[in-house]
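[1] pasting the sequence and the predicted model now:
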Amino acid sequence: MKSFIKILFKISLFLSLTILTQIGGAIFLISLLLSSFWKKNYKLKTVSIFAAIYTTTTFAIVPKLAEQFGREKIKHTENVKPTMLLTDILNRNYVNPELNSVLNNIERDLKSDGIIIKYLDANFPFFDGFPLLPHLSHNDGKKLDLSFLYADVKGVPSNKKKSRSGYGSFESPTKNEYNQILKCKNKGYWQYDFSKYLTLGSVNSDLLYSNHRTKKLMISILRNEEIGKVFIEPHLKARMNINDDRIRFHGCQAVRHDDHIHIQLK
Ligand SMILES: [Zn+2]
């Protein structure tokens, strides 16, 4: 019985690491194998082997191999940064080179406004069709989520965010705005606001969503002809008052998009 539970635990760890990082599950299996060959016994032997291989692979090997799959890491610059460093550590920061050049254009566009573009989940480094959960469509190097922009109560712009992960801190519709969230929930799409569980903790509670600055970001995104679709919640599209066919509603089967902007290449 004890060994059955052990096997079950290892299988669930393998699956979780694969879902979270793509390569983690495979590295876990290699670590188990090496650990069984290595006769010396000490506490956390497998964990330390895993940590050493995972770190080396993630930072030294994966970026090189990803090139074979037409993907590269999102380039950090003065004004392009991850909302959460963990995104990079988990290998969730890979895009097609075309998307990096779009980011570069947006950065140049918004530099004089002091806007730092904070990215969220992108794609994994390998294989088209391998989804980066919970985003089903982030599976081909063409998709990227970006954080909203905020200001403090006095209207002073801030590049900080309202949740640690960058997800799950919603800018809900006011009572006069169209409420897509309610519609989806009423239709039985229980998962529509699931991202409220993914904040990893709320921070900077004094910040307010800046429609003005987020609109600037949106306009800059849409200046790039390579962008095929942008997803944002309908009430925020209306609030921005931008008419562009590429801003679409993502559908009730997805999760609500009033905590981030989703962009994708054609
Ligand atoms: Zn997305």
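    Everything's here; your move.
[2] gap between Lys73 and Tyr54?
    Taking CB to CB, to the nearest Å as the criterion, Lys73 is separated from Tyr54 by 16 Å. Backbone N, C-alpha and C define where each C-beta goes, glycine included.
[3] neighbour-wise, which of the two wins?
    Neighbour tally, Lys73 and Tyr54, criterion other CB atoms under 10 Å: the higher count belongs to Tyr54, 20 against 17.
[4] how far off centre is the helix or strand in which Lys215 is found?
    Lys215 belongs to helix 211-222 when assigned by DSSP states H and E. In terms of CA atoms, centre = their mean, to the nearest Å, the centre of helix 211-222 is found 19 Å from the chain centre.
[5] now tell me what touches that helix from outside.
    The contact list for helix 211-222 (CB atoms under 8 Å, 6 or more residues apart in numbering) reads 102, 105-106, 109-110, 113, 115, 117, 146, 148-151, 157, 227, 230, 232, 236, 239-240, 242, 244, 246-247, 261, 263.
[6] OK, contacts around the residue in the chain positioned nearest to the ion?
    Residue nearest to the ion within the chain: His262 (3.4 Å; CB to the ion). Counting by CB under 8 Å, 6+ apart, His262 makes contact with 135, 143-146, 229-232, 250.
[7] interface residues of the stretch 151-266 of the chain facing the ion?
    Contact residues, the stretch 151-266 of the chain versus the ion (CB under 5 Å from the ion): His262.
[8] thinking again about what came up before, for the contacts of His262, point out the one with the lowest pLDDT.
    On pLDDT alone, His135 ranks lowest of these, at 87.
[9] which non-adjacent residue is nearest it?
    Take His135 and drop its neighbours on the chain: the residue closest to it by CB to CB, 6 or more residues apart in numbering is Asp121, 5.9 Å away.
[10] Ser147 too?
    Ser147 sits nearest to Lys118 (CB to CB, 6+ apart), 4.1 Å away.
[11] right, and the helix or strand after the host helix or strand of the one you found?
    Under the criterion of DSSP H and E, Lys118 resides in strand 117-119. Moving toward the C-terminus from strand 117-119, the next helix or strand (DSSP H and E) is strand 143-147.
[12] which residues does that following strand contact?
    Here strand 143-147 makes contact (CB under 8 Å, 6+ apart) with 74, 83, 95, 99, 103, 117-123, 135, 137-138, 161, 166-167, 217, 221, 260-265.
[13] drop anything exposed from those.
    Burial by neighbour count, 16 or more other CB atoms under 10 Å: within the contacts of strand 143-147 this picks out 74, 83, 95, 99, 103, 117-123, 135, 137-138, 161, 166-167, 217, 221, 260-265.
[14] next, the buried residues of the helix holding Lys215.
    By neighbour count with 16+ other CB under 10 Å, helix 211-222 contains the buried residues 211, 213-218, 220-221.
[15] tell me the angle that helix makes with strand 143-147.
    160 degrees (axes from the mean of the first three to the mean of the last three CA atoms, to 10 degrees).
[16] what's the first helix or strand after helix 211-222?
    Downstream of helix 211-222, the first helix or strand assigned by DSSP H and E is strand 227-231.
[17] pull out the buried residues from that following strand.
    In strand 227-231, counting by 16+ other CB under 10 Å, buried: 227, 229-231.
[18] and those, which is closest to Lys43?
    Phe231 (46.6 Å; CB to CB).
[19] am I right that that closest one is in contact with Val255?
    No. Counting by CB atoms under 8 Å, Phe231 sits too far from Val255 to count as a contact (10.2 Å).
[20] show me the contacts for Leu17.
    Leu17 is in contact with 24-25, 27-28, counting by CB under 8 Å, 6+ apart.
[21] report the contact partners of the closest residue to it other than its chain neighbours.
    Closest residue to Leu17 in three dimensions, ignoring its sequence neighbours and counting by CB to CB, 6+ apart: Gly24, at 3.1 Å. The contact partners of Gly24, by CB under 8 Å, 6+ apart, come to 17-18, 54.
[22] what's the neighbour count on Pro82?
    By the criterion of other CB under 10 Å, Pro82 has 20 neighbours.
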